[in-house]
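> Build the 3D model from these lines:
(one chain, ligands or ions: 1)
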Amino acid sequence: MSRLGKILTYLKNYRRNRDVLRILDEKITFPLLSDYYGICLKYSNDKATTAEQILSQLIIEGHSIEKGMAMKEIRYGFGQKKVKELVSLCNEYLDSYSDNSSRLAYVVGILKEYDDLHVKAGFTLEDTTRQALDSLFAKYPYQFIVPETKETSSERYFENVGASFDRFAVSRHSVRDFTGEPVDEVLMIKAFQLAQQAPSACNRQSVRVYCVYDEALRLRLVELQNHGRGFADKANPLLVITVEMQDWGAGEQWFGGYLDAGIYVMNLLYALHFYRIATIPLNWYADIHGNKQIRKLLSIPESQVPVAFIACGIPLEEFKLVTSLRRDSKETVVFFR
Ligand SMILES: Cc1cc2nc3c(=O)[nH]c(=O)nc-3n(C[C@H](O)[C@H](O)[C@H](O)COP(=O)(O)O)c2cc1C
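I've put the predicted structure just below:
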C-alpha cells in the first residue's frame, strides 16, 4: 500500500486508533514516561547533586570497600581509586551540607577501618590515598560510626533460628563464604514450601524459581550476573527468580509482579535462614541481551521476566559477616498523627 493509502486507512480507522492510543497513553505510555523521564531520570543517583544523591552514592560505593575488608583473603591496597572518590564525595557533602548524617558518619567509619586495616598489616597506601584520607579525618567534625565486620562461626550464625522473630530477623545477614558443598535438596524444598506463604496481589503467586545445582550452569550464571565475584561460584544451589507475566494485566498493573517478587524473595530468605541455609540475594539488572542469554540457558519461557538471584550454600565453619549499618526508622518513616 502506498504511503497515502496508509494515511487514508489510518484516518478511516481514526476513531478506533484514537481509542487505542488513548488507552495506551493513559494506562501505559504516560505513566511509564512520567515515571521514567519525570522522576527516575530527573532524580536518579547517577549524578551527585542533592544531599540524598550524595549519601546514596556514598553508601553504595562504601559498601564495596566494606565487602573487600570482609573477604577471606584480603588483597591489601585494594580499591584505592574508589577510596579517593569516596573521600571527595565526603568532602563535597561536608562543604555543602552542615548536618551530621548517619550515612556519612558510617562511610567515614568504613574509610577509617580501611586505613587501620592497612596500618595494622604494615601495608603502605599510595601517597595520594594517604593524603586524601588524612585530610578527611582532620576535617570531619563528628564522631564516625565504626562498621562491624563480625568474625563468626556457622554455629553462632544460626543460633537464633529458633528464637523470637525479632532476634531471628536481626540474625539474618548475607553470607559470602560458602563451602561449595550442595545444600540438601529436601531442605531446599521445605524452604520453597514455606516461602509460598508470601502474600501476593489477589493471591496471584506469579513468582517462579529456577533452582540450579548443575555446576556448568551455575558458573555460567555467576559470570552473567557479574556481581558475586569471589564467592558466588561456591554457592550451591543458585536460584533465579522470575515473574510470570501471564498472571498480570497490561496497563497500570504491569509492574505489580516486581513488587510481589520482592515480597517473595524476602520470605524465601527467611525460610532458608530458618532451615540453616546461608544466602545472599543478588541483583539481576539485565538488559534485553542478558535476559535473552539467561532465558536460553535455563529454558525460561518468554512470558517470564527474570528479576533476581539468590545464592544459597553451606557456610564455612568460621567466616566474616558484613553487618552493614541500618538507618534509624526515624529517618525513613513519616507519621501523620
Ligand atoms: C536486590 C538485591 C540485590 C543484591 N545484589 C548484590 C550483589 O550483586 N552482590 C553482593 O555482594 N550483594 C548483593 N546484595 C546484598 C546486599 O549488599 C545486602 O543485602 C545489604 O548490604 C544488606 O546486608 P545484609 O543482607 O547482610 O543484611 C543484594 C541485595 C539485594 C536485596
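
> what's in contact with the one helix or strand residue 82 maps to?
Following DSSP states H and E, one finds residue 82 within helix 80-96. Helix 80-96 is contacted by residues 48, 51, 54-55, 57-58, 61-62, 64-65, 101, 104, 107-108, 111, 114, 125-126, 128-129, 132-133, 135-136, 139-141 when judged by Cβ atoms under 8 Å, 6 or more residues apart in numbering. To be clear about C-beta, it is placed using only N, CA and C from the backbone, and glycine gets the same treatment.

> make it 6 Å
Applying Cβ atoms under 6 Å, 6 or more residues apart in numbering, the contact partners of helix 80-96 are 54, 58, 61, 104, 126, 129, 132, 136.

> and of the residues you listed, the nearest to the ligand?
The ligand lies nearest to residue 61 out of the contacts of helix 80-96, by Cβ to the nearest ligand atom, at 12.3 Å.

> Which positions within the strand or helix carrying that closest one qualify as buried?
Here residue 61 sits within helix 51-69, counting by DSSP H and E. For helix 51-69, the neighbour count (16 or more other Cβ atoms under 10 Å) marks 53-55, 57-59, 61-63, 65-69 as buried.

> cool, stretch 279-293 as well?
Applying 16+ other Cβ under 10 Å to stretch 279-293 flags 279, 280, 281, 282, 284, 286, 291 as buried.

> Can you get me the start-to-end distance on stretch 148-160?
One end of stretch 148-160 sits 19 Å from the other (Cα to Cα, to the nearest Å).

> how about that stretch: buried residues?
Across stretch 148-160, burial judged by 16+ other Cβ under 10 Å covers 149, 152, 154, 157, 158, 160.

> give the contact list for the second one.
The neighbourhood of residue 152, defined by Cβ under 6 Å, 6+ apart, consists of residue 321.

> hang on, it in a strand?
Yes. Under DSSP: H, G, I helix; E, B strand; the rest coil, residue 152 falls within a strand.

> gap between it and residue 145?
20 Å (Cβ to Cβ, to the nearest Å).

> thinking again about what came up before, between the helix holding residue 82 and helix 51-69, how many degrees?
Using axes from the mean of the first three to the mean of the last three Cα atoms, to 10 degrees, the inter-axis angle of helix 80-96 relative to helix 51-69 is 150 degrees.

> Give the buried residues for helix 80-96.
80, 83, 84, 86, 87, 89, 90, 93, 94.

> Kindly report the same for stretch 202-210.
Neighbour-count burial for stretch 202-210, counted by 16+ other Cβ under 10 Å, picks out 206, 207, 208, 209, 210.

> just the strands in the stretch 151-300 of the chain please.
Using DSSP state E, counting those that start in this stretch, the strands of the stretch 151-300 of the chain run over 207-212, 238-244, 278-283.

> got TSV for the ones you listed, with distance to residue 225 too?
Conversion of the strands of the stretch 151-300 of the chain to TSV gives the following (distance: least, Cβ to Cβ, whole Å):
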stretch	distance to residue 225
strand 207-212	12
strand 238-244	9
strand 278-283	6
